[in-house]
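A.B. asks: My questions are about this predicted structure, shown below with the sequence.
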Amino acid sequence: MEIVNIMKDLQKKLPHVEFLQSEPLSRHTFIKTGGNSDIFAIPSEIEELQVIVQYAAQHEIPLTILGKGTNVIIRDSGIRGIVISLEKFNKISVKDEEIYCGSGASIIDVSRAALDSQLSGLEFACGIPGTVGGALIMNAGAYGGEISEVLTHSTVITPSGEILTLGRDQFDFAYRNSVFAKKKYIIVDAKFKLVKGNPTAIKAKMDENTFLRESKQPLEYPSCGSVFKRPPNHYAGKLIQDSGLQGTRIGGAEVSTKHAGFIVNVDHATSSDYIQLIRHVQKTVKDKFGVDLETEVKIIGDE
């Protein structure tokens with residue numbers, strides 16, 4: 001089907017949903033790179049999201065889900081088919097010791113809501129810049145905590161458009177992995193079970209985590225966060241540092257001089273700059289130490 005006809009079809013089915021054609025995805029990624037999407041959809045209700053997913057499945061149209069674009073590199077050629085933004089799925093509510101939130105909510109905002117309600121368990125997430133959905137997919141963790149420890153329920157939509165509610169025994173969490181990633185589920189919401197805590201102690205822990213993050217990470221430049229997964233018995237940043245790669249630059253992308261595990265956009269980098277630099281780092285570390293660095297950041301888009 002022609003893009004213009006897909007747009008007309010979807011707009012007729014979903015008159016209240018915003019659909020954009022040829023939207024620059026550089027506007028929606030932390031590293032400020034990436035080509036255009038064919039169609040960019042911004043639903044706000046689960047029923048709207050389900051209709052788009054079912055339509056894409058029925059017509060065999062490629063579908064990509066985008067949160068805040070913190071842990072993703074979108075190729076310069078962009079993304080074909082439909083890109084769905086979950087930015088409007090951002091509600092957060094607290095009841096007793098549970099927090100319910102949409103998948104597009106910032107996990108930082110959720111951790112602050114926990115603090116406001118004197119709930120402990122999400123202090124580790126106070127500096128993770130992504131969405132709830134991204135945190136679930138990657139089983140995000142930092143400073144001794146992980147999403148797997150606090151998540152109790154999640155509503156998802158399957159690639160065929162079926163709505164499911166998953167519980168603890170179905171998440172299949174592992175290091176930077178989950179059932180959400182394995183089965184390509186589209187996350188709609190999440191429920192976290194926390195415990196009552198001392199607000200002074202909770203805030204102190206969050207302040208400590210924030211200080212550690214700001215002192216060690218190159219937050220002054222756009223980046224996609226930690227680029228590589230931790231290899232067994234090693235630390236990616238140390239391997240890169242010991243390979244003499246800090247400060248190495250391709251185009252506008254540079255291996256951070258502050259933290260070797262980060263690649264930063266120092267001068268109008270393209271996604272191609274990033275990808276070439278990632279490959280160079282992987283090859284250099286493999287040649288020097290015999291260790292394969294696997295990317296934690298997701299590289300997506302039309303090749």
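C.D. replies: Nice, thanks for sending it over.

A.B. asks: which secondary structure elements does the helix or strand residue 49 falls within contact?
C.D. replies: Here residue 49, judged by DSSP states H and E, is contained in helix 46-58. Other elements packing on helix 46-58 under the criterion 3 or more C-beta pairs under 8 Å, 6 or more residues apart in numbering; DSSP states H and E are helix 3-13, strand 63-66, strand 79-85, strand 151-157, strand 186-193. From N, CA and C alone the C-beta is placed, and that goes for glycine too.

A.B. asks: Quick check: which of those is nearest to residue 302?
C.D. replies: strand 79-85 (5.3 Å; C-beta to C-beta).

A.B. asks: If we go by neighbour counts, what in that closest one is buried?
C.D. replies: Burial within strand 79-85, assessed by neighbour count using 16 or more other C-beta atoms under 10 Å, is assigned to 79, 81, 82, 83, 84, 85.

A.B. asks: ok, it: who's next to it in the sheet?
C.D. replies: Strand 79-85 pairs in its sheet with strand 36-42 (parallel), strand 63-66 (parallel), by DSSP bridges.

A.B. asks: okay if I get those strands as CSV plus mean neighbour count, distance to residue 97 and mean pLDDT?
C.D. replies: Shown next, in CSV, are those (neighbours: other C-beta atoms under 10 Å; distance: least, C-beta to C-beta, whole Å; pLDDT from 0 to 100):
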stretch, mean neighbour count, distance to residue 97, mean pLDDT
strand 36-42, 22, 32, 97
strand 63-66, 21, 29, 96
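
A.B. asks: Let me see the contact set for residue 129.
C.D. replies: 30, 68, 70, 106, 108, 225 (C-beta atoms under 8 Å, 6 or more residues apart in numbering).

A.B. asks: doesn't it fall inside a helix?
C.D. replies: No - assessed with DSSP: H, G, I helix; E, B strand; the rest coil, residue 129 is coil; it does not lie in a helix.

A.B. asks: State the number of residues packed around the closest residue to residue 142 other than its chain neighbours.
C.D. replies: Using C-beta to C-beta, 6 or more residues apart in numbering and skipping residues adjacent in sequence, the residue nearest residue 142 is residue 124, 4.9 Å away. Using other C-beta atoms under 10 Å, residue 124 has 22 neighbouring residues.
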